[in-house]
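Enquirer: Sequence first, then the predicted structure:
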Amino acid sequence: MRDKEPNPVEPLERLMESLEKAQGDVADNYQALLEHLENAHGTDTLYEGVFRGSQDAIFIVEGLTGIIQRVNQAACDMVGFSEVDLLGMNQERLFLADRLQEPRAVMKKVWQDGTLNRFQAQLETAAGETLEVSISAHRLEDNDNSLVVGFVRDITAKVQAKAELEELNANLEARVEERTEEIRHSNEELAEAIKKANRHAEDASNANQAKSQFVAHMSHEIRTPLNAVIGMMDLLVDMDLDEKQKETAEIAQRSARSLVGVVNNILDFSKIEAGKLELEKRVFVLPGLVNEVMETFRFQAREKGLDLKLEIPENLPELVMGDPGRVRQVLVNLVGNAMKFTSTGSVTVSLNQVEDKGQLASIEFKVTDTGRGIEADKLETLFQNFSQGDVSVSREFGGSGLGLAICKQLVEIMGGSMTVSSELGKGTEFGFVARFDLASVDQVAVKFELEETQTKTQEPTTEPEVDLKILLVEDNIVNQKVALGMLRKLGYSAQAVNGGQEALDVLSEGEFDLVFMDIQMPGLGGLEATKKIRAGEAGEYNTEVPIIAMTAHATRQDRKNCLASGMNDYIPKPISTELIHEAMLRVMATGEIIANIGEPRQFTMANLLTQMDGDVDLAVEIVGLFMDDSKSRLKTITGAIENYDFGFVAQEAKSLEGGALNVHAGTIVALAQDLVQAAEGKQQEYATSLVEDLIAELSAMDCLV
């Protein structure tokens, strides 16, 4: 069988099919190529847009040579070169010639690490200006070439601002340091000024204190002979004198009393300045006090033909607590001035209660006159020290110009204020307000009890028999001498011992009729000794012996303590012949137990002579003993203060106080009492200053020995 012959068309068909298939593949590949080309064109367009539109300068350089391949417009604008100038330029040309080491190291780092962020450098522009720039660089692989693209940003303004800020900060720091130094210097000057001011204040204070002490000492020294002059003038006026002699004596007496008033004002003024003026507080009848003041001016008012009026409302409280002496002092000064400067018309004193809060009453006092009046521009100076409304006043009417100043300060110490109003030619009105506590029922009862006691002591009593065996127990030799002298004046003799234990020993040996017992004594004190006597330790026959206490501390509690220990009566120091006599009469005749409370008086020889019934020799002897004993005690007290032995200081100060009371040395009494308190408070410096004051007081008494 013959093989089937091949069809010549089939290969052609297959060829056609292959061609058609190839044509389709070409068409597909072409389309893909077109699409690829279109995509590539889009990418290039985006790249070109970003490249050319970037605000940062972009430099593309060859990694190995540093030749610039491409730049954008921002790069050209930054460095001032055209694109043509920059292409083919080595990048090192843009860096400062003397600072190429840094950019070379940076390029090496980029080449090694592939990237670098924010490298700060300086570029030089075509105009020769220097730019501060921040560079970030990245390495790119482009076929066989390695390129580096750098993004450069101009930070010149930022760097300059930073530099200016740093300079400003540096200037501020310098200014702050300079100002701190100025402040430190000012503080040092201020501290030095404060020290200087403190020194000046201390000097002024010391000078003021010295002045006050001088005034106080001088006032006391003047007062001492002056009181003697007044005493002698009083005696002289009472003598049998003819009319001319009596008139002369009365003029001298009035002048002396006027001088005492001036001295008292100076002394009050110095006390107020030194802050040592203390107010008394006791019950008194306010309307009665004012009436007493008015009565003292009745005669003067009649002589001048003036109408002296007193206006007191019915609802005014009668019994109040306060310092009647200071109220009287202010009123006497104001009424006295009104009387002095009023020639016709009247002087009126009126009282009115302006405030009442519970137990507190504020009383307004007014003193109105129809006198010459005071000019308006002079009113402000009236209350100043040593000031008067008119210079001619002191020449015409006298006066120191201290009275109103002292009155004003006294009123202020009493919690009030002082006012004045005046019309020239028509009169003046002075007013002041003083605050008082309303007296309680108990306080009123005490007042009446004291008044009743005083009345009883003034009543005549039976004289005791002269033949009495008396024991005087007193540790201070001056006090012994004083008491023995007073007893001798009364016609009695007595045996003296120095302390409580000696008293027990002497009493054990025999019977006594009366014992005068000091309270404050070293060793066995007066209270303890009395208890032992009452317990029979001084013999059964002396258990009921009358015992009269003698002490400088005259309070109600002291009285109670004395009576509770078994004592019969109580007399305060400074003792006097009158007090001793009255106590003896009460104890020996009636057996009443009544204690009088007295106040220490300022030392004068006249007072002491009165207590000694004019016995000059005895008075001089007592003063001499007191001076010697006190000086000796002050020496031992000084040593005790230095050794901090304050118990001994207090003991010696109490003894010194007792001696001062018996010679009526009031200033020394007060200083000794202060020394006791200073010792009890262990205040060494204060105690030392008090001893110095005591020495000064004793020196002032030397002329009397």
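Expert: Perfect, thanks for sending it. Numbers count the residues shown, from 1 in each chain.
Enquirer: Now do residue 614, the pLDDT please.
Expert: Note for residue 614: predicted pLDDT of 63.
Enquirer: likewise residue 109?
Expert: 79.
Enquirer: which other helices and strands contact the helix or strand containing it?
Expert: Using DSSP states H and E, residue 109 sits in helix 101-113. The helices and strands touching helix 101-113, judged by 3 or more C-beta pairs under 8 Å, 6 or more residues apart in numbering; DSSP states H and E, are strand 115-124, strand 130-142, strand 145-154. For glycine as for every other residue, the C-beta is placed from the backbone atoms N, C-alpha and C.
Enquirer: And for it, what's in contact with it?
Expert: 63-64, 66, 91-92, 95, 116, 119, 121, 135, 137-139, 146, 148 (C-beta atoms under 8 Å, 6 or more residues apart in numbering).
Enquirer: Would you map the helices across the stretch 301-450 of the chain?
Expert: Assigned by DSSP state H, counting those that start in this stretch, the stretch 301-450 of the chain shows helices spanning 324-340, 391-397, 403-413, 441-458.
Enquirer: Off-centre distance for the third one?
Expert: So that's helix 403-413. Centroid separation for helix 403-413 versus its chain: 22 Å, with C-alpha atoms, centre = their mean, to the nearest Å.
Enquirer: tell me the angle it makes with helix 324-340.
Expert: Here the directions of helix 403-413 and helix 324-340 differ by 140 degrees (axes from the mean of the first three to the mean of the last three C-alpha atoms, to 10 degrees).
Enquirer: what is the mean pLDDT for helix 403-413?
Expert: Averaging pLDDT along helix 403-413 gives 82.
Enquirer: And that helix, what's buried?
Expert: Using 16 or more other C-beta atoms under 10 Å as the test for burial, helix 403-413 gives 403-411.
Enquirer: thinking residue 365 is in contact with residue 435, fair?
Expert: No - judged on C-beta atoms under 8 Å, residue 365 makes no contact with residue 435 at a distance of 12.0 Å.
Enquirer: Next, count neighbours for residue 669.
Expert: Counted with other C-beta atoms under 10 Å, the neighbours of residue 669 add up to 26.
Enquirer: In a helix, it, correct?
Expert: Yes - with DSSP: H, G, I helix; E, B strand; the rest coil as the criterion, residue 669 is assigned to a helix.
Enquirer: Now do it, the pLDDT please.
Expert: Confidence score, pLDDT, at residue 669: 81.
Enquirer: Out of the buried residues of helix 403-413, which comes closest to residue 202?
Expert: Distances from residue 202 to the buried residues of helix 403-413, taken as C-beta to C-beta, are shortest for residue 409 (24.1 Å).
Enquirer: which one is residue 503 nearest to, not counting chain neighbours?
Expert: Sequence neighbours aside, residue 473 is the residue nearest to residue 503 in space, at 4.4 Å (criterion: C-beta to C-beta, 6 or more residues apart in numbering).
Enquirer: who's that neighbour bridged to?
Expert: Beta-bridge pairing for residue 473 (DSSP bridges): residue 497, residue 517.
Enquirer: Verify the contact between residue 74 and residue 83 for me.
Expert: No - using C-beta under 8 Å, residue 74 is not in contact with residue 83, being 11.3 Å away.
Enquirer: neighbour count winner among those two?
Expert: Taking other C-beta under 10 Å, residue 74 and residue 83 do not tie; residue 74 has more neighbours (19 against 13).
Enquirer: Can you name every helix or strand that the strand or helix carrying that one contacts?
Expert: Assigned by DSSP H and E, residue 74 belongs to helix 73-79. Counting contacts by 3+ C-beta pairs under 8 Å, 6+ apart, helix 73-79 is packed against strand 57-62, helix 83-86, strand 130-142, strand 145-154.
Enquirer: 7 Å instead, please
Expert: Helices and strands touching helix 73-79, by 3 or more C-beta pairs under 7 Å, 6 or more residues apart in numbering; DSSP states H and E, are strand 57-62, helix 83-86, strand 145-154.
Enquirer: quick one: which of the ones you listed is nearest residue 306?
Expert: strand 145-154 (107.0 Å).
Enquirer: Mind listing what's buried along the closest one?
Expert: Neighbour counts using 16+ other C-beta under 10 Å place 147-154 of strand 145-154 among the buried residues.
Enquirer: how about those residues, which pair is most distant?
Expert: Pairwise distances across those (C-beta to C-beta) peak at 23.0 Å, for the pair 147 and 154.
Enquirer: Run through the stretch 1-150 of the chain and note the low-pLDDT ranges.
Expert: Flagging of the stretch 1-150 of the chain using pLDDT under 70 yields the residue ranges 1-47, 49-50, 141-145.
Enquirer: Please apply the same query to the stretch 351-500 of the chain.
Expert: Judged by pLDDT under 70, the stretches of the stretch 351-500 of the chain that qualify are 356-359, 383-403, 440-466.
Enquirer: Can you show me the strands along it?
Expert: Per DSSP state E, counting those that start in this stretch, the stretch 351-500 of the chain carries strands over the ranges 360-369, 418-423, 427-438, 470-473, 494-497.
Enquirer: Just confirm residue 692 is within a strand.
Expert: No - assigned with three-state DSSP, residue 692 falls outside any strand and is helix.
Enquirer: and it, how far is that from residue 699?
Expert: Shown here: residue 692 relative to residue 699, a distance of 11 Å by C-beta to C-beta, to the nearest Å.
Enquirer: can you check residue 332 too?
Expert: Using C-beta to C-beta, residue 332 is found at 34 Å from residue 699.
Enquirer: circling back: dump the buried residues of strand 145-154 to a markdown table, plus distance to residue 681.
Expert: Below are the buried residues of strand 145-154 laid out as a markdown table (distance: C-beta to C-beta, whole Å):
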| residue | distance to residue 681 |
| --- | --- |
| 147 | 99 |
| 148 | 94 |
| 149 | 94 |
| 150 | 91 |
| 151 | 88 |
| 152 | 88 |
| 153 | 83 |
| 154 | 84 |
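Enquirer: Closest one of those residues to residue 176?
Expert: Nearest to residue 176 among those is residue 154, at 33.9 Å by C-beta to C-beta.
Enquirer: That closest one contacts residue 131, correct?
Expert: Yes - the criterion here is C-beta atoms under 7 Å, and residue 154 meets it with residue 131 at 5.7 Å.
Enquirer: Quick check: neighbours shared by these two?
Expert: Residues within reach of residue 154 and of residue 131 at once, by C-beta atoms under 7 Å, 6 or more residues apart in numbering, are residue 78.
Enquirer: Excluding chain neighbours, what is closest to residue 307?
Expert: Nearest non-adjacent residue to residue 307, counting by C-beta to C-beta, 6+ apart: residue 346, 3.9 Å away.
Enquirer: Between residue 365 and residue 435, which has more neighbouring residues?
Expert: Ranked by neighbour count (other C-beta under 10 Å), residue 365 and residue 435 place residue 365 first, with 21 against 16.
Enquirer: My read is that the more buried one contacts residue 352, right?
Expert: No - using C-beta under 7 Å, residue 365 is not in contact with residue 352; the gap is 8.4 Å.
Enquirer: ranges for the strands of the stretch 151-300 of the chain?
Expert: So, for the stretch 151-300 of the chain - with DSSP E, counting those that start in this stretch - the strands run 282-285.
Enquirer: all helices of it, in order?
Expert: Counting by DSSP H, counting those that start in this stretch, the stretch 151-300 of the chain has helices at residues 156-237, 243-274, 286-296, 298-304.
Enquirer: Nothing else from me, thank you.
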